[in-house]
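Engineer: sharing a sequence plus its predicted fold:
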Amino acid sequence: MAAEKFRTGVRRGLKRAVYGSWQSAVEAVGRNPGSVLAWQLGTDRQYAIASTGLLSIAAGDDDQLDWRHVAWHRIERGSFDADSNTLRWKAYLESPAGSRPDPSWSATEDGALSLLEPGRLPVVFRDRVSASIAIQRFIPLELDGSQIRPRMIEPITRKTDRRRGVIISGRRDLSATAAAIEWRVSLPAGVGWDTPGISELAAEAATGLRAAYDPDG
């Protein structure tokens, strides 16, 4: 007997049993996923469900799926390769905003998924990550003798990755009600924590932005 599937809407073609398994899995971890916005199959028979609050990936047989969930605000950056239909993402390391990540930590939520067909998943992925950003600013380095200070606070632009500085992001958990802002630091390409002044700038910038935009956080 063929598995019953949804016939309309964004869940069209998704097996009802798989949807039920996903609902049970998110309830078990105490998340509020919201509505399903897109879903797709991976080349390795994985399921990917993008909801308002979470990206969920499952592997295994349909009657015994093993789900893992990544909240959108935990994703630092992602990309979609249209040639290979591969969606990739990198999660933040578990380090307090403004502090240098411990090299022993790993971002276990990093991932990649090769899709049979992309559908709307890459678009929803991008939109949901953007929706979790409450504020994001680039703060460049300015050298003045031995003094290094933020010159100004700038919105992110295409030129950001070619400059030295830090990116401070205030992110909200879209799978939680009235979630507090979580503050994160990212480094542009070509900038490392060993770059002179970066650690100091990150600490000062994170503290300053948090005080300005989230004083009660």
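Structural biologist: Yep, that arrived. What you are looking at is a predicted structure, and each value in this text was computed from that prediction instead of being measured. Numbering: from 1, shown residues only.
Engineer: and for the strand or helix carrying I57, what's in contact with it?
Structural biologist: I57 is located in strand 54-59, with elements delineated by DSSP states H and E. Residues from elsewhere that reach strand 54-59, judged by C-beta atoms under 8 Å, 6 or more residues apart in numbering: 18, 21-22, 25-26, 31, 33, 42, 44-50, 65-72, 75, 89, 111, 113, 125, 128, 174-175. For the C-beta atoms, the positions are set from N, CA and C on the backbone; glycine is no exception.
Engineer: where do the strands of the protein begin and end?
Structural biologist: Shown for the chain, the strands assigned by DSSP state E span residues 36-41, 47-51, 54-59, 66-71, 75-81, 86-91, 111-114, 133-144, 147-150, 154-155, 165-171, 182-186.
Engineer: tell me which other helices or strands the fourth one touches.
Structural biologist: Under the contact criterion of 3 or more C-beta pairs under 8 Å, 6 or more residues apart in numbering; DSSP states H and E, strand 66-71 touches helix 16-28, strand 54-59.
Engineer: mind running it again at 10 Å?
Structural biologist: helix 16-28, strand 47-51, strand 54-59, strand 86-91 (3 or more C-beta pairs under 10 Å, 6 or more residues apart in numbering; DSSP states H and E).
Engineer: list the neighbouring strands of it plus their orientation.
Structural biologist: Strand pairing for strand 66-71, using DSSP bridges, gives strand 54-59 (antiparallel).
Engineer: hang on, the earlier thing: out of the helices and strands packed on strand 66-71, which is the most enclosed?
Structural biologist: strand 47-51 (a mean of 24; mean count of other C-beta atoms under 10 Å).
Engineer: figure out how far stretch 84-94 is from the centre of its chain.
Structural biologist: The chain centroid and the centroid of stretch 84-94 are separated by 8 Å under C-alpha atoms, centre = their mean, to the nearest Å.
Engineer: pull out the CA atoms of it and give them to me as CSV.
Structural biologist: The C-alpha coordinates for stretch 84-94 follow below in CSV (Å, rounded to 0.1, in the frame of the first residue of the first chain):
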residue,chain,number,x,y,z
SER,A,84,25.6,20.3,-7.7
ASN,A,85,22.3,21.2,-6.0
THR,A,86,24.2,21.3,-2.7
LEU,A,87,23.2,23.4,0.3
ARG,A,88,25.9,24.1,2.8
TRP,A,89,26.0,26.0,6.1
LYS,A,90,28.4,26.8,8.9
ALA,A,91,27.2,27.3,12.5
TYR,A,92,28.6,29.6,15.1
LEU,A,93,31.1,28.1,17.5
GLU,A,94,29.9,28.1,21.1
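Engineer: for the protein, which helix is longest?
Structural biologist: Longest helix of the chain, by residue count under DSSP state H: helix 198-213.
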